[in-house]
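In: heads up, no residue letters with this:
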């Protein structure tokens, strides 16, 4: 006997508010870091009162874990879109050029969460680290799948190298106050993988 599929109901007001808080927090942590992101500021930015926070989260760390997961999901969606829309033989190059572009360099709030938050991760609560780790593993998996299609002999190891190079390069390029050095770091990474 076939079971009838039950249509998914539209999200209720509390779910929509919860989503708005998480999306606001995902931008805020990339913009200001974990320690620079306060509950009151996030609630205000989301257009809500601070008092409503505990109707949605048990703690600040619970919210940060969801925000880290959301920010990582946005990074993954960006990566998947780039890989899907590029010609097969240009997918990895397209991804790396977009990831290491001037636009991504300056768009911290909406950019890669791993590059924006990686240096702070070891100081976070276990649930925040677990959420980010899961998303990083998914990013590695996306790149590994792409490399497997390109008949790479060691797709997992190469995916680890690609992800760590992109993230590390972007972190350094953002860290320095010398625009020429920032550009040179990104260009060197791109040239290394163009071989």
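Out: Thanks, I have the structure now. Computed from a predicted model, the values in this text were never measured in an experiment.

In: Where does pLDDT dip in the chain?
Out: In the prediction, the chain carries residues with pLDDT under 70 at positions 1-10, 195.

In: what sits against the residue lying closest to residue 113 once chain neighbours are set aside?
Out: Spatial nearest neighbour of residue 113, excluding adjacent residues (C-beta to C-beta, 6 or more residues apart in numbering): residue 71 at 3.5 Å. Yep, even glycine has a C-beta here, placed from its N, CA and C like the rest. Residue 71 is in contact with 26-27, 29-30, 113, 116-117, 135, counting by C-beta atoms under 8 Å, 6 or more residues apart in numbering.

In: distance of residue 71 from residue 87?
Out: Residue 71 sits 29 Å away from residue 87, going by C-beta to C-beta, to the nearest Å.

In: same deal with residue 184?
Out: 28 Å.

In: And residue 28, by the same measure?
Out: Distance from residue 28 to residue 87, by C-beta to C-beta: 36 Å.

In: what about these two, which has more around it?
Out: residue 28 (22 against 8; other C-beta atoms under 10 Å).

In: Which helix in the protein has the most residues?
Out: Longest helix in the chain, counting residues (DSSP state H): helix 60-85.

In: what's next to whatever helix or strand comes next after that helix, contact-wise?
Out: The C-terminal neighbour of helix 60-85 among helices and strands, as given by DSSP states H and E, is helix 91-99. The list of residues contacting helix 91-99 from outside it, by C-beta under 8 Å, 6+ apart, reads 79, 82-83, 85-86, 104, 112, 143, 146-147, 150, 162, 166, 170, 189-190, 193-194.

In: In strands only, show me these.
Out: Under the assignment DSSP state E, these contribute nothing to strands.

In: now the angle from the host helix or strand of residue 181 to helix 91-99?
Out: Taking DSSP H and E as the criterion, residue 181 maps to helix 179-194. Put simply, helix 179-194 runs at 170 degrees to helix 91-99, going by axes from the mean of the first three to the mean of the last three C-alpha atoms, to 10 degrees.

In: Please spell out which residues along helix 179-194 are buried.
Out: 182, 185-186, 189-190, 193 (16 or more other C-beta atoms under 10 Å).
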